[in-house]
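Novice: Model the following, please.
(chains A, B, C and D)
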Number of protein chains: 4
Amino acid sequence: MIIVMQHQASAAQIAAVVARVEQAGYRTSLIKGEERTIIGVIGDDRPIDRTQFETLDGVDKTMPVLKPFKLASRDMHPMDTHVPLNGTPVGGPHIAVIAGPCSVESRAQILEAAQAVKEAGATALRGGAFKPRTSPYSFQGMGEEGLQLLAEAREATGLPIVTEAMSPEQVPLVARYADMIQIGARNMQNYDLLRAAGKSDKPVLLKRGMMSTIEELLMSAEYVLAGGNARVILCERGIRTFEKYTRNTTDINAIPVIKHLTHLPVLLDPSHGVGKWEYVAAVARAGIAAGADGLIVEVHPHPTEALSDGAQSLKPEKFAQLVRECRQVAAVLGRS
Amino acid sequence: MIIVMQHQASAAQIAAVVARVEQAGYRTSLIKGEERTIIGVIGDDRPIDRTQFETLDGVDKTMPVLKPFKLASRDMHPMDTHVPLNGTPVGGPHIAVIAGPCSVESRAQILEAAQAVKEAGATALRGGAFKPRTSPYSFQGMGEEGLQLLAEAREATGLPIVTEAMSPEQVPLVARYADMIQIGARNMQNYDLLRAAGKSDKPVLLKRGMMSTIEELLMSAEYVLAGGNARVILCERGIRTFEKYTRNTTDINAIPVIKHLTHLPVLLDPSHGVGKWEYVAAVARAGIAAGADGLIVEVHPHPTEALSDGAQSLKPEKFAQLVRECRQVAAVLGRS
Amino acid sequence: MIIVMQHQASAAQIAAVVARVEQAGYRTSLIKGEERTIIGVIGDDRPIDRTQFETLDGVDKTMPVLKPFKLASRDMHPMDTHVPLNGTPVGGPHIAVIAGPCSVESRAQILEAAQAVKEAGATALRGGAFKPRTSPYSFQGMGEEGLQLLAEAREATGLPIVTEAMSPEQVPLVARYADMIQIGARNMQNYDLLRAAGKSDKPVLLKRGMMSTIEELLMSAEYVLAGGNARVILCERGIRTFEKYTRNTTDINAIPVIKHLTHLPVLLDPSHGVGKWEYVAAVARAGIAAGADGLIVEVHPHPTEALSDGAQSLKPEKFAQLVRECRQVAAVLGRS
Amino acid sequence: MIIVMQHQASAAQIAAVVARVEQAGYRTSLIKGEERTIIGVIGDDRPIDRTQFETLDGVDKTMPVLKPFKLASRDMHPMDTHVPLNGTPVGGPHIAVIAGPCSVESRAQILEAAQAVKEAGATALRGGAFKPRTSPYSFQGMGEEGLQLLAEAREATGLPIVTEAMSPEQVPLVARYADMIQIGARNMQNYDLLRAAGKSDKPVLLKRGMMSTIEELLMSAEYVLAGGNARVILCERGIRTFEKYTRNTTDINAIPVIKHLTHLPVLLDPSHGVGKWEYVAAVARAGIAAGADGLIVEVHPHPTEALSDGAQSLKPEKFAQLVRECRQVAAVLGRS
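Specialist: Numbers count the residues shown, from 1 in each chain, chains lettered A, B, ... in the order given. Next up is the predicted model:
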């Protein structure tokens, strides 16, 4: 980090800051500018609270120099990580397409959905059994029964299963049924859950929080990686902004930025990103064109009867068209 | 809710929407405008997913009419709720002042802090034993040992204890030591945690998520209330915006708005709201002037040595001055 | 609009609101729900201030039903508008590629840039002569001399010129030299400027404000259209959010949404949208894949010497590669 | 500024960056950290585009050290500036209270309003003659006739007049009638307008843009100051966030922050800040408690008939109560 002194900081104040930094175990190097002095702190200062130095007399502000993540960083791990999902690795030349309904609602619904997305070209099935809902009066998911139905859908179609765990104690339960454990946007900073996922042997799909920065997403991935689970896939799913016409704002910039900063694969969720089915295909194509390693898309055989996320769910035939278009865009980038 | 049809929606499309709404168990009433037809949906439509109707042919959009919260609403419960905290109710004429360090760091630190905030006029002691930290490499809290030290500080000073639970299974443990259970901003939509707090017999301090609307805060309170725990205190602690000079943006509007919408008490956390100690007192005074029922303030005997949140922690003497000023502002509003 | 009454509104209050609405020249239609009464206001209520009704006793809120824009709306004008730019219409099957430096800096620079972008496949040349700069101490543009140099570059290359006017009185001056007048993001709600552009006979490129909604962008276009100039092209250039890693957040959702709401063409500016040259090509591809009618890209022959926007300017050879990739993506959508 | 090199930057890359910086006329100082090298740039680097260095090979990012504003900075001008408004200086111990309708609508309306706000304790009259409106179909203000009516209201009451200029050429016209020229939020970065205000001899009330940071507000003030007009008053009027219940989010933090960073006075506009009249008094009290030098409040004798901003306008009797409460809060801070 560097510490920027105030305009009128005295020599004694500068000396006191230097002493305090060295007492914390770091070396220092000073730059005396025309208006300000800055103090460079030398060493790995990630573990300490940078802001404590801002309370010392004469300090104006501190600024970090090092990136706070290490295991997730491409600096430390330059090659792309490939995360296996039923044989086909995510993060390589093949585009992953995970599709299915928001919630598992019934045996008939999930089996029909699974068959439909498979025929349309999906490579994995999604569906929520435990649902984080804003209202306690909304449908909360089928729970373990939903997990069993997902497993049955896998039997029927061969598609691997991606589904969400909402609390640390659900992780082993979900891991028993699922091929990949999803951590949802609202839980991106649920650190006990991240720690539990770090101890699992299943791959983890970590969704970006709707008001979390890219850096915070990588720090949450760092929790899973530091816990011992190296198989993490990131997912951009739209952030919250002032724009009201769409449910969220898809942060398309995040796709190339994440590919630059980290070696982990990144998917795009156009369904939550835009929130209205009419626009999902356009945003999905944009995601592939921007370099995403895959998509996760909400598809429902009968969106007007969906218990959740009806407005953003595609009918199977629209989804099939989306897959065809995205395949062509992927080909432009030399992917399949 | 109302359903707004598209400009060119046909009579058949309108009839189909009406039929679908009535099939869902509601009555309808139509308004034919000059450019658009709107369909009013009559009945308590809170439990259903409004957006499912947006996928019907000819529908432009839907808009909610009812507020989604019930138990938290002042419509249903016009009188102010008072939540007891060690004898003095929060939400009445007395201003609550909860103060203490971000984290419990050692026996000496928490006892010194407790004594100092008591002398300055605090009515309760805060301090984190389980800490949600962005980085896995940062100090994560002392855990149960921290809870024991808090209990010892209560013995020494008589101040009731407010501390955070981060996961459902921590709730009973925290409840054993604390007088009030805090649910932190990052966990405001951790629904399993809210459900666990709803089953506790301890009051709950629910902090607004940095990414959450006022309505979502009230919906999270609704989870606790619907779970059977009526003793909920809300807390505004700043939201995330584009402004970079301060850590968060204190949403001062939220104070009178929350008092208008709900009967639950609301506190202001100026420390997180602004994030720099120099500005904490000004924001605290603003909160009391706006009608908050109290404050929660970070105070550390030695901020430059704090393991977390050093930059926003007040020294005890600055805090004492804050309490004096806020008392005078409270007197203007007829409170003490 | 509809007017939602409070939970406990009396019959007399409802009657008073109805009377006030009818006095304003509208008809009403009531829906009595189980918890609330809503009053539908029938007629074109766009010209009046909807919020005045919120001050009447017993009113909870008002909600608009009609879209506030008319001339810009696809409801009123279903076919795509094509805006001519030197023969090739923007908004049709051909993708427009406007490229050049942020600012005109010298004769040598703009001529070199013009030649380079032409060779790389650009269809028009951009370059600022009047520059809106955050700091009064930064380079403010070459003024009319810059316009003359742009005209000279057009002579040399045949490329039409797009450049910005910052105030109403600059519009005729800019129109004398340019083929298309740009209205910048900071001036999107400079209504006197919009009115002046509405009286011009040159096409207008209207950039979205960095914190303006899509609806506000269309309302600003409405000013130009209502002033008599039907040749408006919209441009998404990134919005301001909490994300700090990138300069702005490209709102990729806005591309299909704008195409849905309006008949006007829409371009994407990936340079401002992401703000770092490494990511510009990925975002440009995403824009074309999402359905944009073209791109506006900052290209500088020597970015490290640029007087403004150096970090987001592409070198000509990188730009040529971007054009090649975008052409292939456009082909997937049947465009060229 | 400092320039942070990439993790694996070579000695040659570092040398090239140093050479480029020195060629631009600055000295450099290096700090070799364990993971990264940083280059300190010594000298006043405000005039140059910092980001041009980010395009050099091996550079990771640049970070500013100096504040970009000078004339507005308290570093250079430690004492509070007092701006005269009809005898009573703004920025001193007396709280300024500027009140009146959003728009001048008629002779009767503005005279009634002026009389009412004077009786309630206002120290100046506001009212718009030129109105920036989102829609071209909304009331656009009475123009010069409105200015004449404001002058007549000053005659009748003795209150000085504050009203808005929307374009450079309106500045002399407005200055002829008004005692203080307002620059509205949508025009905060209309640089030609700021330059025109810099040449005026009337005080300027500069409102923060709804999309602008505190630093950008101070940079816009810097334009007026650098133009030669030292009498600038800043105004916080709410920023745009994701919260939808209120029209804007009052950035109460901005009050003490602005007082810390600059010597210029700062007012709060609670009417636009919250957007609903029920909450205006609470936010006004908060502003005074936070240290604002005054208020600007929308008051209309008949809000339900207002042509603009009806929902956020106070009736005169509510305003009188607001003034009484704010006076008491001001007294706590030793002001009147």
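
Novice: Tell me who's in contact with residue A:180.
Specialist: Residue A:180 makes contacts with A:85, A:124, A:160-162, A:202-205, A:233, as judged by C-beta atoms under 8 Å, 6 or more residues apart in numbering or on different chains. Just so you know, the C-beta spots here come from the backbone N, C-alpha and C atoms, and that holds for glycine as well.

Novice: looking at those, which has the most residues close by?
Specialist: residue A:205 (30 neighbours; other C-beta atoms under 10 Å in any protein chain shown).

Novice: roughly how far apart are that residue and residue A:269?
Specialist: The span separating residue A:205 from residue A:269 equals 10 Å under the rule C-beta to C-beta, to the nearest Å.

Novice: Need the residues touching each of the two.
Specialist: In contact with both residue A:205 and residue A:269: A:235, A:296, using C-beta under 8 Å, 6+ apart.

Novice: Take the contacts of residue A:180 and keep only those in strands.
Specialist: A:85, A:124, A:161-162, A:204-205, A:233 (DSSP state E).

Novice: for the residue positioned nearest the centre of chain A, phi and psi?
Specialist: With distances taken as C-alpha atoms, centre = their mean, chain A has residue A:207 as the residue nearest its mean C-alpha position (3.1 Å). The phi and psi torsions at residue A:207 (degrees, to the nearest 10) take the values phi -90, psi 140.

Novice: List the contacts of it.
Specialist: For residue A:207, the contacting residues are A:182-185, A:188, A:235, A:237, A:269, taking C-beta under 8 Å, 6+ apart as the criterion.

Novice: mind putting those residues in JSON lines, neighbour count included?
Specialist: Converted to JSON lines, those look like this (neighbours: other C-beta atoms under 10 Å in any protein chain shown):
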{"residue": "A:182", "neighbour count": "25"}
{"residue": "A:183", "neighbour count": "25"}
{"residue": "A:184", "neighbour count": "23"}
{"residue": "A:185", "neighbour count": "25"}
{"residue": "A:188", "neighbour count": "25"}
{"residue": "A:235", "neighbour count": "28"}
{"residue": "A:237", "neighbour count": "23"}
{"residue": "A:269", "neighbour count": "29"}
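
Novice: Filter the residues you listed down to the ones in strands?
Specialist: When the contacts of residue A:207 are checked against strands using DSSP E, the ones located there are A:182-183, A:235.

Novice: circling back to that earlier point, so which of the ones in strands among the contacts of residue A:180 is the closest to residue A:220?
Specialist: Within the ones in strands among the contacts of residue A:180, the smallest distance to residue A:220 is 10.2 Å, found for residue A:204 (C-beta to C-beta).

Novice: need the residues of the stretch 101-250 of chain A near chain D, please.
Specialist: When proximity is defined by C-beta under 8 Å from any C-beta of the partner chain, the stretch 101-250 of chain A lies next to chain D at A:211, A:240-242, A:244.

Novice: What about those residues, which one has the most neighbours?
Specialist: residue A:241 (26 neighbours).

Novice: Find the closest residue to chain B in the stretch 151-300 of chain A.
Specialist: Nearest residue of the stretch 151-300 of chain A to chain B: residue A:211, at 2.8 Å (C-beta to the nearest C-beta).

Novice: Excluding sequence neighbours, find me the nearest residue to residue A:307.
Specialist: Of all residues beyond its chain neighbours, the one nearest residue A:307 is residue A:139 (4.4 Å), with distances taken as C-beta to C-beta, 6 or more residues apart in numbering or on different chains.

Novice: The one you found against residue A:106, yeah?
Specialist: No. With contact taken as C-beta atoms under 8 Å, residue A:139 and residue A:106 are classed as non-touching, separated by 11.7 Å.

Novice: Please tell me I have it right and residue A:164 contacts residue A:130.
Specialist: Yes. Taking contacts as C-beta under 8 Å, residue A:164 lies within contact range of residue A:130: 5.9 Å.

Novice: quick one, which of these two is more surrounded?
Specialist: Set side by side, residue A:164 and residue A:130 give different neighbour counts by other C-beta under 10 Å, the larger being at residue A:130 (25 against 22).

Novice: The more buried one looks like it's in a helix, true?
Specialist: No. With DSSP: H, G, I helix; E, B strand; the rest coil as the criterion, residue A:130 is assigned coil and is not in a helix.

Novice: what separates it from residue A:301, distance-wise?
Specialist: Distance from residue A:130 to residue A:301, counting by C-beta to C-beta: 22 Å.

Novice: Check residue A:269 too.
Specialist: When C-beta to C-beta is applied, the distance between residue A:269 and residue A:301 equals 20 Å.

Novice: quick revisit: nearest to residue C:309, out of the contacts of residue A:207: which one, please.
Specialist: Each of the contacts of residue A:207 was scored against residue C:309 by C-beta to C-beta, and residue A:237 proved nearest at 30.3 Å.

Novice: got the contact list for the closest one?
Specialist: By C-beta under 8 Å, 6+ apart, the contact set of residue A:237 is A:185, A:207-208, A:210, A:248, A:268-269, A:272-273.

Novice: And residue A:139 and residue A:106? Which one has more around it.
Specialist: Residue environment comparison for residue A:139 versus residue A:106 gives the larger neighbour count to residue A:139, 17 against 14, counting by other C-beta under 10 Å.

Novice: Many thanks, have a good one.
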